[in-house]
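Engineer: Sequence and predicted structure, then a few things I'm wondering about:
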Amino acid sequence: MSARFEPRTARAQVAIAGARGVTAGVLSDQPRRDVVRNSVFASLLFLAVVVGLAGLALLVGDNLVKGWPRLNADLLTNGTSSLPANAGLRSAIVGTLWIMAFVILFIVPVGVGSAVFLEEYASRESRLARAVEVNIQNLAAVPSIIYGLLGLAFIARGPLSLGFTVLTASITLALLVLPVVVLVAREAIRAVPSSIREGSLALGATRWQTTRRQILPAAVPGIATGVILAISRAIGETAPLIPLGAATFVTYDPSGPMSGFTAMPLVIFNWVKQPQEEFQVLAAAGIVVLLAVLIAMNSFAIWLRNRYEQRW
Amino acid sequence: MQAGDIAASGPGAITKPRLEAASPRYGEKLIIGMLAACAAISVVTTTAIVASLLVPSLDFFGDVPIGDFLLGTDWGPTFTPPTFGVLPIVVGTLSITLWSLAFAIPIGIGAALYLSEYASRRTRKLVKPVLEILAGVPTVAFGFFALVFITPAIQDLWPGFLGDGPGIFSALAGGLAIGLLIVPIIASVSEDAMSAVPAGLREGAYALGATKAKVASRVVLPAALSGVVAAVILATSRAIGETMVVLLAAGNTPNLTFNPVEAIQAMTAFIATTATGDIATGSIAYKTVFAVALLLFAMTLLMNHLSIKLVRRYREVYE
């Protein structure tokens, strides 16, 4: 945000720096004290950035070093086992893929539908629109473990009674990440200029034709960003799956929506809890795999957003 | 427009064009209905959450007086005889939250100020996405990190004059890990608020002779305060609801203390250890879990409400 004049050549830079220094020296009352204060303040702030980033870098590095001995293809192809030497992530990866397939089937239509309704159809005064808006804000703040209890009481048992299955886990996680999709998709739809909307309507297109052929295609990058961020959140969530019975050992590969489930963060969590040293190594290696997937997805989402930001 | 309309209007009259569609467009109405149904799912979800928490909780408060629950200092719902004073685990949650905020607020706001006021455009463009990406690190990774890195590090570095250091489980290790987890939230959201402060305010302060440090701390920070406070509240509600880190690093011993080196039990950890798949519906343990969850839900809802209100009230609208 600085509005400083940035000189191009080195000579001009030196000259201007000199002139600034002289002017500052002549005009300011307490140059030395201010200079010291300023640099102390700036270094403290810089330290904050360094500490924040270093902590997170340490987390990644520590797992990489500890998990290194087990970071090989066997980790991905071995199934669940109570022997650390034979244990791997295969069942967990298959389970995560199944769960995510149904999460996507659920959040894309429902998330985009909600966003379109709120931005294109609902009037500001509509009671439903206002209720939905407040609800989404509140839902985004509900702790994830509470979604797990919702899944236990309403989806696994109670009204839906789906049991402890892939589908139960999918619906629970989908409800958890739905606010992310809706919030980001709304922003993307809002960013489409109204001239496009009005132009389409003026040519005689109906509301839905306008939405379907003009607004949604223009908002696709933003919506995709939201969906990817939501999925990456869902992949990394452990807490909501614990009440769904996943703390128990699933020794087979999940094979469909009604099969028992397991997921990558859950298997890692189980490994962390084991007392043997080898399982700690395995847990670190598993975390590295999970981190790699999530960081790749988030990077892609953020790249996508920045790439298509402000095209209008 | 139909021919009949014009013929009926007679000569000399100004024809009023019909603006509504020529056909009833049932498809469009159906689509509106479907979109509204999508939007309604969020309302249904909230209702389902409240219902699923409230029903077993009401049952619970039939067995245990609500005063004993909220004010009791003895927590042992699975002991014989069971005790249901929730304060120790509430204090556990608050203690963890407090230590995490003590770490994350200065780091997060400092980083935001640096990025918005001091960093070059290039640094900012590099660091901000990195922060956003790191916000996606799964919480189980933070829990593991707290257990195998932060705790041993604190034990090694613990200065003797402070008394006994932390054991394997401590509120401090959990708090630090959660602090690390919420730094990106505070930094990212605060930086957005600081970048939105108009350059005119800064330039006005410079013109009056303020130094850069003064501009940052006395102009930009106060002007962005509503956004910064919202970021902190958002992070607080994240810390209160965080499960995996407290489960792995802070222990499972209900303990009525703010002492950072002692093992504690947080509300989320109690829920996660008690509500596993094989818990019997309707048992006292089941009902207790939902009562604790209801309290947790109320706490985060209150924080969220507070944040929305604060932002609305103190928002400075520029341009």
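Structural biologist: Looks like it arrived, so ask away.
Engineer: Get me the contact residues on the stretch 151-300 of chain B for chain A.
Structural biologist: When proximity is defined as C-beta under 8 Å from any C-beta of the partner chain, the stretch 151-300 of chain B approaches chain A at B:180, B:183-184, B:187, B:195, B:199, B:202-203, B:209, B:211-213, B:216-217, B:234, B:237, B:240-244, B:248, B:268, B:271-272, B:275-279, B:281, B:289-290, B:293, B:296-297, B:300. Placement of C-beta: from N, CA and C, glycine included.
Engineer: hmm, which of those are the buried ones?
Structural biologist: Taking 16 or more other C-beta atoms under 10 Å in any protein chain shown as the criterion, what is buried in these is B:180, B:183-184, B:187, B:195, B:202, B:211-213, B:216-217, B:234, B:237, B:240-244, B:248, B:268, B:271-272, B:275, B:277, B:289-290, B:293, B:296-297, B:300.
Engineer: With the flanking residues excluded, which residue is spatially nearest to the closest residue to chain A within chain B?
Structural biologist: Of all residues in chain B, the one sitting closest to chain A is residue B:277 (2.0 Å; C-beta to the nearest C-beta). Take residue B:277 and drop its neighbours on the chain: the residue closest to it by C-beta to C-beta, 6 or more residues apart in numbering or on different chains is residue A:245, 2.0 Å away.
Engineer: per-residue confidence at the one you found?
Structural biologist: With respect to pLDDT, residue A:245 has a value of 74.
Engineer: Verify the stated contact: it with residue A:266.
Structural biologist: No: counting by C-beta atoms under 8 Å, residue A:245 does not reach residue A:266; the two are 10.4 Å apart.
Engineer: Apart from its neighbours in sequence, what residue is nearest residue B:99?
Structural biologist: Closest residue in space to residue B:99, ignoring its immediate chain neighbours: residue B:175 at 2.8 Å, by C-beta to C-beta, 6+ apart.
Engineer: Might you report the residue contacts of the one you found?
Structural biologist: Residue B:175 sits next to B:95, B:96, B:97, B:98, B:99, B:100, B:102, B:103, B:250, B:260 when contact means C-beta atoms under 8 Å, 6 or more residues apart in numbering or on different chains.
Engineer: For residue A:210, which residues are in contact?
Structural biologist: Contacts of residue A:210 (C-beta under 8 Å, 6+ apart): A:197, A:200, A:201.
Engineer: Can you classify the nearest residue to it once chain neighbours are set aside as helix, strand or coil?
Structural biologist: Nearest residue to residue A:210, sequence neighbours excluded (C-beta to C-beta, 6+ apart): residue A:200, at 4.2 Å. Assigned by DSSP: H, G, I helix; E, B strand; the rest coil, the conformation of residue A:200 is helix.
Engineer: how many other residues sit next to the residue nearest to residue B:277?
Structural biologist: Counted with other C-beta atoms under 10 Å in any protein chain shown, the neighbours of residue A:245 add up to 23.
Engineer: Which single helix of the chain contains the most residues?
Structural biologist: Answering for chain A, as no chain was given. With secondary structure taken from DSSP state H, chain A has its longest helix at helix A:31-67.
Engineer: wait, chain B
Structural biologist: In chain B, with assignment by DSSP H, the single longest helix is helix B:26-63.
Engineer: From the contact counts, what lies against that helix?
Structural biologist: helix A:90-116, helix A:127-141, helix A:144-150, helix A:166-190, helix A:207-210, helix B:284-314 (3 or more C-beta pairs under 8 Å, 6 or more residues apart in numbering or on different chains; DSSP states H and E).
Engineer: Out of those helices, the one nearest residue B:148 is which?
Structural biologist: helix A:90-116 (20.2 Å; C-beta to C-beta).
Engineer: quick one: buried residues of the closest one?
Structural biologist: Using 16+ other C-beta under 10 Å as the test for burial, helix A:90-116 gives A:90-96, A:98-100, A:102-104, A:106-108, A:110-116.
Engineer: Just the pLDDT for the closest residue to residue B:83 other than its chain neighbours.
Structural biologist: Spatial nearest neighbour of residue B:83, excluding adjacent residues (C-beta to C-beta, 6+ apart): residue B:74 at 4.1 Å. Residue B:74 is assigned 86 on the pLDDT scale.
Engineer: Next: residue B:253.
Structural biologist: Predicted confidence (pLDDT) for residue B:253: 86.
Engineer: For the closest residue to it other than its chain neighbours, which three-state class applies?
Structural biologist: In space, and not counting its chain neighbours, residue B:253 is closest to residue B:263: 4.7 Å by C-beta to C-beta, 6+ apart. Per three-state DSSP, the secondary structure class of residue B:263 is coil.
Engineer: Next, give phi and psi for residue B:263.
Structural biologist: Per-residue torsions, residue B:263: phi -70, psi 140 (degrees, to the nearest 10).
Engineer: got the contact list for it?
Structural biologist: Residue B:263 sits next to B:167, B:168, B:169, B:170, B:171, B:250, B:251, B:252, B:253, B:255 when contact means C-beta under 8 Å, 6+ apart.
Engineer: For ChimeraX, write a command that selects the buried ones of those residues.
Structural biologist: A single ChimeraX command is used to select the members of the contacts of residue B:263 judged buried by 16+ other C-beta under 10 Å:
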select /B:169,170,171,250,251,252,255
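Engineer: How many residues are close by residue B:200?
Structural biologist: Neighbourhood size, residue B:200 [other C-beta under 10 Å]: 11.
Engineer: Tell me which other helices or strands the strand or helix carrying it touches.
Structural biologist: Here residue B:200 sits within helix B:199-207, counting by DSSP states H and E. With contacts defined as 3+ C-beta pairs under 8 Å, 6+ apart, helix B:199-207 has no helix or strand neighbours.
Engineer: could you give me the average pLDDT of that helix?
Structural biologist: On average, helix B:199-207 scores 92.
Engineer: which residues touch the closest residue to residue A:119 other than its chain neighbours?
Structural biologist: Spatial nearest neighbour of residue A:119, excluding adjacent residues (C-beta to C-beta, 6+ apart): residue A:189 at 4.4 Å. When contacts are counted by C-beta under 8 Å, 6+ apart, residue A:189 touches A:115, A:116, A:119, A:120, A:215, A:216, A:219, A:222, A:223.
Engineer: for chain A, which spans come out with low pLDDT?
Structural biologist: Along chain A, segments meeting pLDDT under 70 span A:1-7, A:25-31, A:246-249, A:309-312.
Engineer: From the centroid of it, which residue is nearest?
Structural biologist: By C-alpha atoms, centre = their mean, chain A has its centre lying nearest to residue A:229, at 3.6 Å.
Engineer: That one is in what secondary structure piece?
Structural biologist: Residue A:229 is located in helix A:216-236, with elements delineated by DSSP H and E.
Engineer: List the buried residues for that helix?
Structural biologist: For helix A:216-236, the neighbour count (16+ other C-beta under 10 Å) marks A:216, A:218-219, A:221-236 as buried.
Engineer: next structured bit after it?
Structural biologist: Taking DSSP H and E, what comes next after helix A:216-236 is helix A:264-273.
Engineer: Show me what the helix or strand that that next one is followed by is packed up against.
Structural biologist: Counting by DSSP H and E, the next helix or strand C-terminal to helix A:264-273 is helix A:277-308. Helices and strands touching helix A:277-308, by 3+ C-beta pairs under 8 Å, 6+ apart, are helix A:31-67, helix A:73-77, helix A:216-236, helix A:264-273, helix B:121-134, helix B:139-145.
Engineer: which parts of helix A:277-308 are buried?
Structural biologist: Across helix A:277-308, burial judged by 16+ other C-beta under 10 Å covers A:279-291, A:293-295, A:297-299, A:301-302, A:304-305, A:308.
Engineer: Run the angle between that helix and helix A:90-116 for me.
Structural biologist: In terms of direction (axes from the mean of the first three to the mean of the last three C-alpha atoms, to 10 degrees), helix A:277-308 departs from helix A:90-116 by 30 degrees.
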